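>>> This is a predicted model, with the sequence first.
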Amino acid sequence: MATDRSSLTALSDQLADAVAQAGATIVAVHARSRLPSTGVHWRDGIVVTTEGTVRREDGITVTLPDGAAVPASLAGRDRGTDLAVLKVKPGQLPVARLGDPAALRPGHLVLALARLDEAGPRAAFGAVSAVGGRWRCWKGGEIDRLLQSDLVIYPGFGGGPLVDAEGRIHGVNSGGLSRSLATTIPATTVDRVLTQLLERGYVARGWFGAAMQPVRFHEAARKRLGLDREGGLVLIAIEPDSPSALAGLLVGDVIVALDRKPVDDPEQVLEALSGDVVGKALHLDLVRGGQRATADVLVGERPAGRR
Amino acid sequence: MSSPGVVKAAARVRASVVQVRSDEGPTAGGGAGIAWGGDGLIVTSAHVVPTPEATVVLRDGASHEAVVVRRDPHRDLALVRAAGVELPPVEIADPRTLRRGTLLFAVGHPLGVTDAVSAGVLQATGPLPPGLELPGGKRGLAWVQADVRLAPGNSGGPLADAAGRVVGVSAMIVAGLALAVPAPDAEAFVAGYRSGPRLGVVARAVVLSDTDRIGLALDRVERGAPADRAGLVAGDVVVAIDGAPVHSPSDLSRSVRRARGGWLTLDVVRGARWRRLQVVLGAAAT
């Protein structure tokens, strides 16, 4: 019995160690009224939190582990991945010790951490529920890896870290990306978005400048045109001076392939635009006026206000 | 996680947990109670026992009549006494000595499932964080705040650490967060009953007819207790303590604790008559 009890106590102590260690690198972020959110000191002088919890751009303060409230400035925000970056004076607290998100598997014990006041870090405990590959969240951003857990994201826990039993941080928890399971934005995505936000304050997203909807060809038309699929995307609007307009696309053109890959769902176009494609050309196979045609669209940067 | 470790720590605590049922109140289906220090004394939540009597059900199904001997709705604690019920008393620990993230587990009867165990971790001990409010404006009270899933039926049950020591009395859930009364508060509450000056009554608030003033109707007066010796009887309605109008039953316990000189003056309505009584407070017989 003594051995059993001490092993449970040992696990309990290990969890408390993990909370203390990772908790020394997190801050309370005061960027909305009433309830603060949590931020992770990701690099020296750089704090990451969730974009949805940053409701004001000026007068932001953070509470450090020692209880001191210090000013922070918003360096950039990306609604698509629900990440925001704040700058604080460097050297005030230790930097997050990161784990490898790919090492987490369903069943691994994890903690969600938060800091809401001067009184110390708060923790929620659970297990990794699901992991997976690259996915795009409903806010539009691309997340490098699916990482979900059964943790309760309590009020104020948004922006806080997902921590393993060794105290390593695997990403930033978002209360705004899903309802049923807690979703973590993995460290690789945080690093990628952070770099772009620090460079220009926002994440550049590809821009096409055309509205489109799925369309189907008659069997006869499909055979005559030599198409191997029956679907395509018909352009229903072209924005003036947009990449589509500059490429000479016309309303009524039907896109049948994008960079030689057949397309029949607008989602596939959004996916093609979500990577690092600004300034690159996309090759389109079209049907225009009953004839096959091609066009090259130089992908632009989505204008401010539509990110 | 070593499951036998959890099982044994939980088994230890479960041996001291009972079901507490009352005919009324939000947990009419039953809450939990913790055997506390022997003498048939069982700690539970005040909201589990809004009535002066309760029923205590043991794990073997045996049912015992119990009397509510102390109640503090503000702190949400109650002490019931089930004569003849002797269970192993729990070992308690101060949650303020535990580190954040420590494993905790709750024992109770969530949604009627008896003696169920749920596990999680300690978030904090102290006042609630900014942005969280309690119904009724109980600001400033200290709580054990835990990431443990509770449900109605856990009320009054223990929150314990990995060594099986009780650190809190489960009270409520706010924004998904489990809140428990810190064990030292419950310990002081029990000690207050055992040693403190006391009246020896169980009271509830009533609205006085013909007025909208509040009175405290005495549902029970313990034989031989100070109230009994002063001539109070069940059915009396206390309308003022030391000349000040009363508002809730906790006014009585508070006045008893703060009484200077070891006595209280009570204004009492009995039937149609009004009378003023002096009560000499005494220590409880143990």
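Sure, I can see it. Residues are numbered from 1 along each chain as shown, chains lettered A, B, ... in the order given.

>>> Spell out which residues of chain B are next to chain A.
B:1-2, B:4-6, B:8-9, B:98-103, B:119-124, B:126, B:129-132, B:145, B:147, B:161-164, B:175-177 (CB under 8 Å from any CB of the partner chain). Where you see a C-beta, it was placed from the backbone N, CA and C, and this is true even at glycine.

>>> Can you pull the poorly scored residue ranges out of chain A?
Applying pLDDT under 70 to chain A flags the ranges A:1-5, A:275, A:304-307.

>>> mind giving me the domain ranges of it?
A:2-200, A:206-301 (automatic domain parsing).

>>> Just send the ones you listed back as TSV, with distance to chain B and mean neighbour count too.
Formatted as TSV, the domains of chain A follow (distance: least, CB to the nearest CB, whole Å; neighbours: other CB atoms under 10 Å in any protein chain shown):
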stretch	distance to chain B	mean neighbour count
domain A:2-200	3	20
domain A:206-301	34	16
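
>>> Which among these is found nearest to residue B:264?
Of all the domains of chain A, it is domain A:2-200 that lies closest to residue B:264, at 38.9 Å by CB to CB.

>>> can you give me how far the closest one is from the chain middle?
Between the centre of domain A:2-200 and the centre of its chain there are 13 Å (CA atoms, centre = their mean, to the nearest Å).

>>> Next one: residue B:67 from residue B:34, what distance?
According to CB to CB, to the nearest Å, residue B:67 and residue B:34 sit 17 Å apart.

>>> ditto for residue B:50
Taking CB to CB, one finds residue B:50 at 19 Å from residue B:34.

>>> When these two are compared, which one has more neighbours?
residue B:34 (28 against 19; other CB atoms under 10 Å in any protein chain shown).

>>> Would you enumerate the residues in contact with the more buried one?
Contacts were defined as CB atoms under 8 Å, 6 or more residues apart in numbering or on different chains; by that measure residue B:34 touches B:16-18, B:42-44, B:90, B:156-158, B:166, B:169, B:186.

>>> Point me to the helix or strand that includes it.
Secondary structure assigned from DSSP states H and E places residue B:34 in strand B:31-35.

>>> how distant is the helix or strand that comes right after that strand from the center of its chain?
As assigned by DSSP H and E, the chain's next helix or strand after strand B:31-35 is strand B:41-44. Relative to its parent chain, strand B:41-44 has a centroid offset of 7 Å by CA atoms, centre = their mean.

>>> which is the next helix or strand following strand B:41-44?
strand B:53-57.

>>> Can you dump the C-alpha atoms of that following strand in CSV for me?
In CSV, the C-alpha atoms belonging to strand B:53-57 read as follows (Å, rounded to 0.1, in the frame of the first residue of the first chain):
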residue,chain,number,x,y,z
GLU,B,53,-33.7,17.0,10.2
ALA,B,54,-31.9,14.8,7.7
THR,B,55,-31.4,11.2,6.8
VAL,B,56,-27.9,9.7,6.7
VAL,B,57,-27.5,6.6,4.5
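
>>> Buried residues in that strand, which are they?
Buried residues in strand B:53-57, counted by 16 or more other CB atoms under 10 Å in any protein chain shown: B:54, B:55, B:56, B:57.
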